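S.K.: kindly generate the corresponding structure for this input.
(2 chains)
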There are 2 protein chains.
Amino acid sequence: MSSTDWKWIQFQRWVVCMLIGIMTGLVAVVINICILELTEVKMRVVEQGKVGLLNENSCLYIPLLLWIAINISLVTVASLLTVFIAPVAAGSGIPQIKCFLNGVKIPNVVRFQTLVTKVVGVIASVSGGLAVGKEGPMIHSGSVLAAGISQGRSISLNINTRFFEHFRNDREKRDFVCAGAAAGVSAAFGAPVGGVLFSLEEAASFWNQALTWRIFFCSILSSYTLNFFMGIYHHHPGDLAYPGLINFGKFDGSYEGFELPIFLLMAVIGGLLGAAFNAINYRITVFRLTYLKARYFKVLEVVFVAAVSATIAFVLMYWNSECKPLGQDPNVKLQFFCNDGEYNTMAVLFFTPPEESVKSLFHDPLGAIRPLTIIVFVIPYFFLACWTYGLQVPSGLFIPSLLIGAAWGRVVGNCVNLLWPADEWAQDLSKYALIGAAAQLGGTVRMTISLTVILIEATGNITYSLPLMAVLLLAKWVGDYFNHGIYDMHIHLNKVPILPWEPPALSTNIQAREVMGSPVVTLRTVPLVSDICSVLSDPRNCHSGYPVTDTDGKFRGLILRTQLLILLKHKEFIERSGSGERIALSVFRDSYPRYFPLSLINVSEGEQQCHVDLRPFLNPSPYTVYEQYNQHSNTSVPQNATLPRIFRLFRALGLRHLVVLDDDYKVVGMVSRKDIWKW
Amino acid sequence: MSSTDWKWIQFQRWVVCMLIGIMTGLVAVVINICILELTEVKMRVVEQGKVGLLNENSCLYIPLLLWIAINISLVTVASLLTVFIAPVAAGSGIPQIKCFLNGVKIPNVVRFQTLVTKVVGVIASVSGGLAVGKEGPMIHSGSVLAAGISQGRSISLNINTRFFEHFRNDREKRDFVCAGAAAGVSAAFGAPVGGVLFSLEEAASFWNQALTWRIFFCSILSSYTLNFFMGIYHHHPGDLAYPGLINFGKFDGSYEGFELPIFLLMAVIGGLLGAAFNAINYRITVFRLTYLKARYFKVLEVVFVAAVSATIAFVLMYWNSECKPLGQDPNVKLQFFCNDGEYNTMAVLFFTPPEESVKSLFHDPLGAIRPLTIIVFVIPYFFLACWTYGLQVPSGLFIPSLLIGAAWGRVVGNCVNLLWPADEWAQDLSKYALIGAAAQLGGTVRMTISLTVILIEATGNITYSLPLMAVLLLAKWVGDYFNHGIYDMHIHLNKVPILPWEPPALSTNIQAREVMGSPVVTLRTVPLVSDICSVLSDPRNCHSGYPVTDTDGKFRGLILRTQLLILLKHKEFIERSGSGERIALSVFRDSYPRYFPLSLINVSEGEQQCHVDLRPFLNPSPYTVYEQYNQHSNTSVPQNATLPRIFRLFRALGLRHLVVLDDDYKVVGMVSRKDIWKW
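M.R.: Numbering: from 1, shown residues only, chains lettered A, B, ... in the order given. Prediction:
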């Protein structure tokens, strides 16, 4: 490749990142505006059902049924799409993206229909009143966009622009998906730096300066795009108040040093509640995996949860006796069951979009909501959120966690205020709500540096960096004592071979021999077609690559399963091509990433006896490790590659398989990601 | 290692990071207060020399001489310390830390005397009126502190606490030095996240979540410690206004979309000026390396520069005819050559500490300083700064660059204001000064994401993130067209084998054979002492590790030079120990990192014929690559490890050497960092 080509490709990379950033921002705009408009419409319809004018004497069931009906129809759309079109779009998508960036292939995770399902689904499920957020799904959406844009085509849409052909391989695609995930975080929380850190924390491979820089560029553009269009939508063009889907509002206050112990106590509470959340969700998920396998069951469960959520909200609003005169909170006009000129505080928590509820809990002045109202709200909401995460709808976990945390954080703040009623520092509940939200979120998801930076950026106040960090750290420690973070838990439940940060403890004495799969099916350099077919069709050998050996058994290189499939499909047989015209590189590139299954390739009886010369195609120097049996020496010196060493190779270089050779350069085994993961 | 041990070590890591953060913050406090106090004292002395009351009729030479004398004596102290005690403390230390984190050993870079020289030197050179900053050296200071604290001892001070013994190896030490560098950045600019990114950008190896998290903790603590003590010093305890050595002050404004082209034009100017700065500095440095080798020359040059700096400052203040009535800028009382009740605007730029000048340029209202005054100031200052960087004193480059950039940025702002005098957006010069500062700094140092985040954090205003990023990116591109960043330039001039981010272009066809050093000196598994001595004493074989082979020539492992030295020193000979009592691991650990040279080890004539059993000590499975000569096949299939592959192994795993083996497991060569770097 010449230097000019390289510069051209480099330029294309920047263009792709720019497009990813802008498109991700636009998708966030669409999601945001649709949800706002749908909520508005829903409100108006229920209002016409006279809920707004209801008092305790009126007939309850009409508005309740109307309300439930709207919610159910919305979430039904979301769940039908998810169950029947793209099941991988369920949930927040963060576990899936984590796995993808870690180097694990998950089918359909970055397909076009996944994006559509994700976007439409999240609009429907948030407007449908489920206890979910729209922030997590943004990360998945950004990733899908990145994968699509960087390939310059969509196979689902049957578009092939011929742009960006160079990027049609796993490595380049993964880099762009990093950028897309960062853009998603950036648009979700208005946190460009947090987005970059999120990508790095999850992608977790070799830090490349130029790549990081592009990711950052993409990330900033995404937040700006969202901000630009939301400014126009809200009739404040040019205003910089809308950098993310959720904006925490302005935090002006500060804290005193002696409040740190209170914050740390809250971190412990957050860690415990987060661990409880995860434990309950774990049981629910196991139940789902065991009993709710049928598709219609999955849809029915979603409908049921939507109905229960709406009913609980209604019942609590009805029971809640706290009404405040209108005007205390200028944006609120929720009269439900209150007298004229008053609003129902419970409705502020249940009826407004969850982002607005979080903001209310953060910033409403002391006394705007009674602690009892908050407690009555947060307990059922906790269980609802717990039940909801894992349903077959696109759903984010950040907002429910922040809402739960902000709620109990505010209650803690009220208690502090009761204890020191005269002190000025105890008048400001917003910091307690913020710390509570951070503790709850940290206790549930257990992310570290990226979450801290995301929260600092969302708060827009560097003052809280130390307490936020301390709280997230402690909440993580407390939570880790009981169980794993919720994303890791779901990854584990799905049996994905994701690799952790460090090799497992106590593994220094485990050697390659004990980890590797053995015996390994190998191919000769010039095998028969029938040999290749039998290797490929054997389900026990479903590896993504096979070692190729010489006639005397010496290792010669590695050939990928997909390469073999293409060679078979294009009938690249020695006997056939004769003169030696070779299959072009572009054939391999165009086939990426969807290959024909073996069953669709017709190989005639005669062709079975042809030979394929693998030598021009195999990778002659893959990463290998050595396993010696020391027949030459009597001492029992440990000569072999240990698990930690293999682990670091996999982790740092993003390998999928590693061939184990012996002294004589013969293949003795192969280590796959799954083999390591089992330890 | 048991699980409890592992937890205990993990806990120690946190403690070490905490100590590093607090100590780095304290060192920043000491540097800051000393410089403030010394500047104050200097001012008062010169004031008594009647400079303050001077008008054009008075006698000039007394205060000028007094002024020069004070400056010269201060910088003499700095340069004597640097030249005679720790030459590695010269400059900002960022190139040295970059190399250290990249995996290159530089002698004395993290020694105690380097720290003392750095701290005292930077205090003296900044107070001595050189065109230098104190921010860069903070990064080096933080790193030295980290290395010292993490080892639990200082060999220079003859302290050995027996704490943290587990951390006495290169890998652990490097991790802590990362944390120290981050803490340094954090204290210098009040930018904890920027500090983490700086460390990651420079350390550039495998991203480890737990490590990053500790670095962040350390980084935040450092900024808080500085803030806490500076608050007390300034009689505002608890105020959060002093997070860094330089604080940019409060940026309230915003910008309009149509100003972006102006910013981009400024980025081009910054890139050009930065490239010019580097080009001039390159020639000066080459001149220094060629002609100024003698130590006293180096000291004399420093003295000369100090004298010239002071003279230029004085002459310009004398010539400057702009006097403003006192009170326009409430902190300024610099009457120099002005009438009573007025102050000399040039003195604001030259006489106050450079951080204050930057702040004045950022925030002084329109009209506070005439553009002509700024131009007359910035041109000589540019050349002074250029001459100063590379002198044998500790000196930072950030502040001079920011000052130059803010100066011409403000002039650009003045021009814009002239073109659109009526428009409100053109009244705010601070954004132009900020963008100019960013462009100049970016054009000089060419750092990317970490610099953006540092500037965003120092500005305290997320609004400017997009223009800052765009400007830094464009300035880097423009500058890169002409030459390298100044740190890389100095690294290159010092011939340090640092590895870039990506393998060199056009390298895909270069094979291990062409890169490797060959033939390689190998040792047998049980060699004679005399063999070892001859290998170690041969200057052509001065590698840090040697391959060990079997009697039949097969590769068995790698032994480090330092291990051989320890084995010789402790006379670990087969004939001597007999019963087989082995040298303890702690002997290796205690010797780290300073080993005896071979000349100090006495080996008697008889001992020369003894044998050493290397097998228990060698590393049996180092990373290796294979080089096949294909005697088995007639095809010329490329079977060998290529340069990009080797490069990635070195970069991702931080290797120092890689053994190249052939088909038969025999050593055919060795690739060292230097070998790769040559390409």
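S.K.: in contact with the closest residue in space to A:Val27 that isn't next to it in sequence, which residues are there?
M.R.: Counting by CB to CB, 6 or more residues apart in numbering or on different chains, the nearest residue to A:Val27 once its immediate chain neighbours are dropped is A:Ser141, at 5.3 Å. From N, CA and C alone the C-beta is placed, and that goes for glycine too. Residues in contact with A:Ser141 (CB atoms under 8 Å, 6 or more residues apart in numbering or on different chains) are A:24, A:27-28, A:31, A:93, A:115, A:118-119, A:184.
S.K.: so what pLDDT did the residue nearest the centre of chain A get?
M.R.: The residue lying closest to the centre of chain A (CA atoms, centre = their mean) is A:Ile94, at 1.0 Å. A:Ile94 is assigned a predicted lDDT (pLDDT) of 87.
S.K.: give the contact list for it.
M.R.: Contacts of A:Ile94 by CB under 8 Å, 6+ apart are A:136, A:139-140, A:487.
S.K.: which residues of the stretch 351-500 of chain A lie near chain B?
M.R.: By CB under 8 Å from any CB of the partner chain, the residues of the stretch 351-500 of chain A that approach chain B are A:448-449, A:452-453, A:456-457, A:460, A:462-463, A:465-466, A:469, A:473.
S.K.: of the residues you listed, which is the most crowded?
M.R.: For these, the largest neighbour count, defined by other CB atoms under 10 Å in any protein chain shown, is 30 neighbours, found at A:Val453.
S.K.: wait, that residue touches A:Leu197, no?
M.R.: Yes - A:Val453 lies in contact with A:Leu197 (CB atoms under 8 Å); the separation is 5.3 Å.
S.K.: in the stretch 501-650 of chain A, where is pLDDT below threshold?
M.R.: For the stretch 501-650 of chain A, the stretches with pLDDT under 70 are A:501-509, A:512-513, A:541, A:576-598, A:620-621, A:626-641.
S.K.: that one: strands as residue ranges?
M.R.: Under the criterion DSSP state E, counting those that start in this stretch, the stretch 501-650 of chain A contains strands at A:523-524, A:545-549, A:555-560, A:624-627.
S.K.: include mean neighbour count and distance to B:Leu643 when you put those strands into JSON lines, please.
M.R.: As requested, the strands of the stretch 501-650 of chain A are arranged in JSON lines below (neighbours: other CB atoms under 10 Å in any protein chain shown; distance: least, CB to CB, whole Å):
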{"stretch": "strand A:523-524", "mean neighbour count": "19", "distance to B:Leu643": "28"}
{"stretch": "strand A:545-549", "mean neighbour count": "23", "distance to B:Leu643": "23"}
{"stretch": "strand A:555-560", "mean neighbour count": "23", "distance to B:Leu643": "18"}
{"stretch": "strand A:624-627", "mean neighbour count": "21", "distance to B:Leu643": "18"}
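S.K.: want to throw those into TSV with distance to B:Leu361?
M.R.: Formatted as TSV, the strands of the stretch 501-650 of chain A follow (distance: least, CB to CB, whole Å):
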stretch	distance to B:Leu361
strand A:523-524	69
strand A:545-549	60
strand A:555-560	59
strand A:624-627	58
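S.K.: any chance of those in a markdown table, with distance to chain B too?
M.R.: Formatted as a markdown table, these follow (distance: least, CB to the nearest CB, whole Å):
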| stretch | distance to chain B |
| --- | --- |
| strand A:523-524 | 12 |
| strand A:545-549 | 11 |
| strand A:555-560 | 7 |
| strand A:624-627 | 7 |
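S.K.: ok, longest helix in chain A?
M.R.: Looking across chain A with DSSP state H, the single longest helix is helix A:3-48.
S.K.: mind giving me the packing neighbours of that one?
M.R.: Contacts defined by 3 or more CB pairs under 8 Å, 6 or more residues apart in numbering or on different chains; DSSP states H and E place helix A:3-48 against helix A:61-84, helix A:112-127, helix A:135-151, helix A:170-189, helix A:209-233.
S.K.: by how many degrees do the longest one and helix A:3-48 diverge?
M.R.: Think helix A:209-233. 30 degrees (axes from the mean of the first three to the mean of the last three CA atoms, to 10 degrees).
S.K.: the helix or strand just after helix A:209-233 - what's its average pLDDT?
M.R.: Per DSSP states H and E, the first helix or strand lying C-terminal to helix A:209-233 is helix A:260-291. Taken as a whole, helix A:260-291 has a mean pLDDT of 93.
S.K.: is helix A:260-291 positioned near chain B?
M.R.: No - Helix A:260-291 lies out of reach of chain B by CB under 8 Å from any CB, never closer than 11.3 Å.
S.K.: so for A:Asp664, what's the pLDDT?
M.R.: Reported pLDDT for A:Asp664: 68.
S.K.: distance check, the residue in the stretch 251-400 of chain A positioned nearest to chain B against A:Trp425.
M.R.: Here the residue of the stretch 251-400 of chain A nearest chain B is A:Ser254; by CB to the nearest CB that distance is 6.7 Å. For A:Ser254, the distance to A:Trp425 equals 9 Å [CB to CB, to the nearest Å].
S.K.: could you chop chain A up by domain?
M.R.: A:13-46+A:57-233, A:264-309+A:321-493, A:512-678 (automatic domain parsing).
S.K.: distance from the shortest one to the middle of the chain?
M.R.: What it means is domain A:512-678. 32 Å (CA atoms, centre = their mean, to the nearest Å).
S.K.: could you do the first one as well?
M.R.: Here the centre of mass of C-alpha atoms in domain A:13-46+A:57-233, compared against the chain's by CA atoms, centre = their mean, lies 10 Å away.
S.K.: measure that domain end to end?
M.R.: 31 Å (CA to CA, to the nearest Å).
S.K.: just to revisit the earlier point, which of the domains of chain A has the highest mean neighbour count?
M.R.: A comparison of those by mean neighbour count, using mean count of other CB atoms under 10 Å in any protein chain shown, puts domain A:13-46+A:57-233 on top with a mean of 23.
S.K.: pretty sure A:Val671 is one of the things A:Val515 touches, is it not?
M.R.: Yes - at 5.5 Å, A:Val515 and A:Val671 qualify as touching, with contact defined as CB under 8 Å.
S.K.: where do the contact lists of the two overlap?
M.R.: A:Ile646.
S.K.: point out where the stretch 151-300 of chain A drops to low pLDDT.
M.R.: Residues of the stretch 151-300 of chain A that meet the cut-off, pLDDT under 70, sit at A:153-156, A:161-165, A:203-207, A:238-240.
S.K.: and with 80 instead?
M.R.: A:151-172, A:201-210, A:236-243, A:249-254, A:256-257 (pLDDT under 80).
S.K.: not counting its neighbours along the chain, what's nearest A:Ala182?
M.R.: A:Gly195 (3.7 Å).
S.K.: which helix or strand contains that neighbour?
M.R.: helix A:192-203.
S.K.: before we move on, what about A:Ile454?
M.R.: For A:Ile454, the element it lies in under DSSP H and E is helix A:449-459.
S.K.: CA-only coordinates of that helix in PDB, if you can.
M.R.: Output of helix A:449-459 as PDB, limited to C-alpha atoms (Å, rounded to 0.1, in the frame of the first residue of the first chain):
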ATOM      1  CA  ILE A 449     -14.100   5.500  35.600                       C
ATOM      2  CA  SER A 450     -16.400   6.100  32.600                       C
ATOM      3  CA  LEU A 451     -19.400   6.300  34.900                       C
ATOM      4  CA  THR A 452     -17.700   8.800  37.100                       C
ATOM      5  CA  VAL A 453     -16.800  11.000  34.200                       C
ATOM      6  CA  ILE A 454     -20.300  10.600  32.700                       C
ATOM      7  CA  LEU A 455     -21.800  11.700  35.900                       C
ATOM      8  CA  ILE A 456     -19.400  14.600  36.300                       C
ATOM      9  CA  GLU A 457     -20.100  15.800  32.700                       C
ATOM     10  CA  ALA A 458     -23.900  15.400  33.200                       C
ATOM     11  CA  THR A 459     -23.700  17.300  36.400                       C
END
